[in-house]
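Peer 1: need a structure here:
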Amino acid sequence: MRAILSDPRASFAAVFTDIETDRLLLRPPQEADRQAMVDIHTDPRTNRFNPDPPDVPRASAMFSEWLAHWAEHGFGYPAVTERGGTEVIGMCGVRLREFHGEKVLNLGYRFRPSAWGKGYAVEAGLAILQWCARDLPSLPVLASVSVDNKPSLRVAERLGFTEYTEEMYDGAMSRHYRR
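Peer 2: Modelled structure (predicted):
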């Protein structure tokens, strides 16, 4: 897991390999994960705080964008499974994004409702943040969360994020955290 960064203003690339935590495996997504990711991202329960939840075609297009990000940069939003399991229970990772004119890593996490309440988002998030610190240390990590999404706000805070700013983002008043 070595970063390949020549000029910090240039394109960003890093080599992401599987990450194992005590209970989880985070790995690059594969085409075979498309249906699981679409199911997770179109589930009404995972979109309670999303003012414009994706439908199946849009969720599939998002997944295609994620695969393209991986192909270009060597990292992105990994698929998450329980160690020893095969079912994709969620995603947790970072993608490049521009925020207020600055290149940042956007931390994203979303899990099946059956995986909620087990601490998986924090466990996966900590592993991703360690990877970022080691492999992409020149880029700040941001997490943008709807102010109504109390569970996700708690995850960001448990990951050590501090409030950066609050503003409208993707149709909802959001709190932007920074590490």
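Peer 1: skipping adjacent residues, who's closest to the residue most central in space within the chain in space?
Peer 2: Relative to the mean C-alpha position of the chain, the nearest C-alpha, by C-alpha atoms, centre = their mean, is the one of G108, at 2.3 Å. Closest residue to G108 in three dimensions, ignoring its sequence neighbours and counting by C-beta to C-beta, 6 or more residues apart in numbering: Y77, at 5.6 Å. C-beta here means a position set from N, CA and C on the backbone, and glycine is covered the same way.
Peer 1: same for the lengthiest helix in the chain, what does it pack against?
Peer 2: Scanning the chain for the helix with the most residues, using DSSP state H, yields helix 56-73. For helix 56-73, the packing partners by 3 or more C-beta pairs under 8 Å, 6 or more residues apart in numbering; DSSP states H and E come out as strand 13-14, helix 34-42, strand 88-99.
Peer 1: most tightly packed of the ones you listed?
Peer 2: Among the helices and strands packed on helix 56-73, the stretch with the highest mean neighbour count (mean count of other C-beta atoms under 10 Å) is strand 88-99, at a mean of 21.
Peer 1: kindly state the pLDDT recorded for A14?
Peer 2: In the predicted model, A14 carries a pLDDT score of 81.
Peer 1: can the helices and strands packed on helix 56-73 go into CSV with extra columns for distance to L136?
Peer 2: Putting the helices and strands packed on helix 56-73 into CSV (distance: least, C-beta to C-beta, whole Å) gives the following:
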stretch, distance to L136
strand 13-14, 6
helix 34-42, 23
strand 88-99, 8
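Peer 1: and the lowest mean pLDDT element among the helices and strands of this structure?
Peer 2: strand 3-4 (a mean of 34; mean pLDDT, DSSP states H and E).
Peer 1: surely the residue nearest to G108 meets L26?
Peer 2: No. Y77 is not in contact with L26 according to C-beta atoms under 8 Å; the separation is 9.6 Å.
Peer 1: in the chain, which spans are helices?
Peer 2: If you assign secondary structure with DSSP H, the helices in the chain sit at 34-42, 56-73, 120-135, 150-158.
Peer 1: pull out the buried positions in stretch 120-131.
Peer 2: Buried residues in stretch 120-131, counted by 16 or more other C-beta atoms under 10 Å: 120-125, 127-129, 131.
Peer 1: let me see the mean pLDDT of that stretch.
Peer 2: Averaged across stretch 120-131, pLDDT comes to 98.
Peer 1: how about stretch 48-68?
Peer 2: Across stretch 48-68, the average pLDDT comes to 96.
Peer 1: wait, what's in contact with A59?
Peer 2: Applying C-beta atoms under 8 Å, 6 or more residues apart in numbering to A59 gives the contacts 37-38, 41-42.
Peer 1: no no, P140
Peer 2: 102, 104-105, 178-179.
Peer 1: for D22, give me the pLDDT.
Peer 2: Per-residue confidence (pLDDT) for D22: 97.
Peer 1: fine, thanks again, bye for now.
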